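Peer 1: return atomic coordinates for the entry below.
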Amino acid sequence: MLTTPAAPVAPPPGRRSGRFALTVVLTLAIAAAGAAGTLVAAESAIDRLPRVEGVSDVLSPQTGTVENFLLVGSDSRAGSDPNSPDFGGIGTEADVQGSRSDTMMVLRRDRETGQASLLSIPRDLWVDIPGRGSQRINAAYNDGPAVLVQTVQQNLGLPIHHYVEVDFFGFKDLVDAIGGVELCFMWPTRDVKTGLFVEQGGCYLFDGVQALAYARSRSYEQLIEGEWRVDGTADIGRTERQRDFVNRALNTALDRVKADPYVAGDLLESAGSAVRIDDELDVLAAAASLRTAVGAGLTTWALPVYGDTVDGNSVLRLADGADALLAHFRGDGPPPPPPA
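Peer 2: Next up is the predicted model:
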């Protein structure tokens with residue numbers, strides 16, 4: 001089913017462009033929490049956030065100034081609604097059994113400077129999964145969040161201090177809770193598999209259903225000079241578009257909270273049915289620093305990779321430049337030159 005976006009809107013002056021990962025929308029709630037006049041409501045909502053059992057046992061101890069959050073978007077179809085306009089593009093548990101990590105990012109926070117960075121991990125990265133052997137990294141989630149955390153730590157050498165997860169349906173609720181997110185397109189755009197459809201170039205306010213179709217798109221096409229042209233970068237292009245969503249969504253949330261501080265409570269109420277977090281995470285403490293970092297602008301990175309084939313399957317492997325970037329995210333090195 002194709003979804004037609006809302007009427008075009010003019011891009012607001014001075015709005016900082018940004019980037020996205022499915023689960024970073026949780027940071028909308030975290031970064032907005034604790035606004036003046038909402039602490040009591042925020043604490044009540046946070047107390048009701050589901051915690052992930054067992055994952056704390058494999059998280060890294062906090063020993064330095066760098067704090068890393070593993071942000072995970074699950075592709076579980078549990079709870080899919082046949083009456084939803086995007087049901088045809090998502091399907092049911094019978095159509096897609098089990099769960100994989102559809103999107104993964106690491107949010108790095110420097111606890112001394114308050115600076116924050118975001119790193120995309122492509123789901124097709126070829127890694128060694130504890131107990132499974134070599135597979136794409138998104139398969140690690142099928143054995144649970146703890147195995148996924150271990151896989152990231154062992155293969156990338158990154159300490160993971162906190163875990164945050166959101167599913168398809170929670171993502172839509174969170175986007176709707178902030179009133180939608182504005183996206184701009186140069187040409188008509190579509191993905192017939194996810195239901196993404198933009199009839200003509202321009203800026204549009206996407207609701208939760210439309211935003212999910214955009215975030216999930218791996219068969220992204222643009223109508224250029226009368227011809228539908230497929231984005232051949234597949235998962236790489238998708239993570240680039242996802243990162244483009246992050247700061248937009250974050251800044252939209254913060255703008256709304258500044259205009260009405262009590263919106264923070266609404267965001268956290270929506271998060272309660274959308275996300276799961278590790279039982280060590282102090283949400284309000286993270287909120288104080290993340291609000292500052294988001295206001296200054298997140299630096300976003302794509303993990304350098306190259307394409308390869310294993311047993312006839314297309315996979316990705318770490319490429320030149322990955323070591324320096326990973327060293328920065330573990331706190332062992334300076335940031336590489338800013339991404340283009």
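
Peer 1: secondary structure class for N251?
Peer 2: helix (DSSP: H, G, I helix; E, B strand; the rest coil).

Peer 1: contacts for stretch 60-72?
Peer 2: For stretch 60-72, the surrounding residues in contact (Cβ atoms under 8 Å, 6 or more residues apart in numbering) are 21, 23-24, 26-27, 101, 103-112, 141, 145, 148-149, 152-153, 158-166, 286, 329-331. All C-beta atoms are positioned from the backbone trio N, CA, C, and that covers glycine.

Peer 1: name the residues of that stretch that are buried.
Peer 2: By 16 or more other Cβ atoms under 10 Å, the buried positions in stretch 60-72 come out as S60, V66, E67, N68, F69, L70, L71, V72.

Peer 1: same deal with stretch 177-192?
Peer 2: So stretch 177-192, judged by 16+ other Cβ under 10 Å, has buried residues A177, I178, G180, V181, E182, L183, F185, P188, T189, R190, D191.

Peer 1: which one among the buried residues of stretch 60-72 gets closest to F206?
Peer 2: Closest approach between these and F206, by Cβ to Cβ: L71, at 20.0 Å.

Peer 1: report the beta-bridge partners for that closest one.
Peer 2: L71 has the following beta-bridge partners by DSSP bridges: M105, V164.

Peer 1: do you know how far it is from S60?
Peer 2: Using Cβ to Cβ, to the nearest Å, one gets 16 Å for the distance from L71 to S60.

Peer 1: same question, D110
Peer 2: The value you get for D110 to S60, if Cβ to Cβ is used, is 16 Å.

Peer 1: what's the pLDDT at D266?
Peer 2: D266 is assigned a predicted lDDT (pLDDT) of 67.

Peer 1: same check on V175?
Peer 2: Listed pLDDT for V175 reads 83.

Peer 1: which residues of the stretch 101-250 of the chain fall in strands?
Peer 2: 101-110, 116-121, 126-129, 133-136, 162-167, 181-185, 189-191, 196-198, 202-206, 221-224, 227-230 (DSSP state E, counting those that start in this stretch).

Peer 1: would CSV of these with distance to T239 and mean pLDDT be doable?
Peer 2: CSV is the format used below for these (distance: least, Cβ to Cβ, whole Å; pLDDT from 0 to 100):
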stretch, distance to T239, mean pLDDT
strand 101-110, 8, 82
strand 116-121, 4, 86
strand 126-129, 16, 97
strand 133-136, 14, 95
strand 162-167, 16, 83
strand 181-185, 16, 92
strand 189-191, 15, 95
strand 196-198, 16, 95
strand 202-206, 18, 95
strand 221-224, 18, 96
strand 227-230, 17, 95
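
Peer 1: R276 against R51, yeah?
Peer 2: Yes. Here R276 lies in contact with R51, judged by Cβ atoms under 8 Å, at a distance of 6.8 Å.

Peer 1: so these two - more neighbours on which side?
Peer 2: R276 (20 against 13; other Cβ atoms under 10 Å).

Peer 1: residue contacts, that one?
Peer 2: L49, P50, R51, V52, V164, E165, V166.

Peer 1: kindly reformat those residues as CSV containing distance to R243.
Peer 2: Formatted as CSV, the contacts of R276 follow (distance: Cβ to Cβ, whole Å):
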residue, distance to R243
L49, 25
P50, 26
R51, 27
V52, 24
V164, 16
E165, 19
V166, 16
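
Peer 1: tell me the one of those residues nearest V127?
Peer 2: The nearest one, if we look at those relative to V127 and count by Cβ to Cβ, is E165, at 18.9 Å.

Peer 1: the closest one contacts F171, doesn't it?
Peer 2: No. Look at E165 against F171 with Cβ under 8 Å: they stay out of range, at 10.9 Å.

Peer 1: okay, now the residue lying closest to M186 once chain neighbours are set aside: neighbour count?
Peer 2: Leaving aside its sequence neighbours, M186 sits nearest to G201 (Cβ to Cβ, 6 or more residues apart in numbering; 5.2 Å). As a burial measure, G201 scores 15 neighbours (other Cβ under 10 Å).

Peer 1: so how far is D231 from G201?
Peer 2: 16 Å.

Peer 1: give me the neighbour count for D260.
Peer 2: Residues lying near D260 (other Cβ under 10 Å) number 12.

Peer 1: hang on, the earlier thing: so what's the residue nearest to M186 up against?
Peer 2: Per Cβ under 8 Å, 6+ apart, neighbours of G201: F185, M186, W187, P188.

Peer 1: from those residues, pick the one nearest R256.
Peer 2: Within the contacts of G201, proximity to R256 (Cβ to Cβ) peaks at F185, which comes in at 23.3 Å.

Peer 1: so in terms of bridging, what pairs with the closest one?
Peer 2: Beta-bridge partners of F185, counted by DSSP bridges, are G202.
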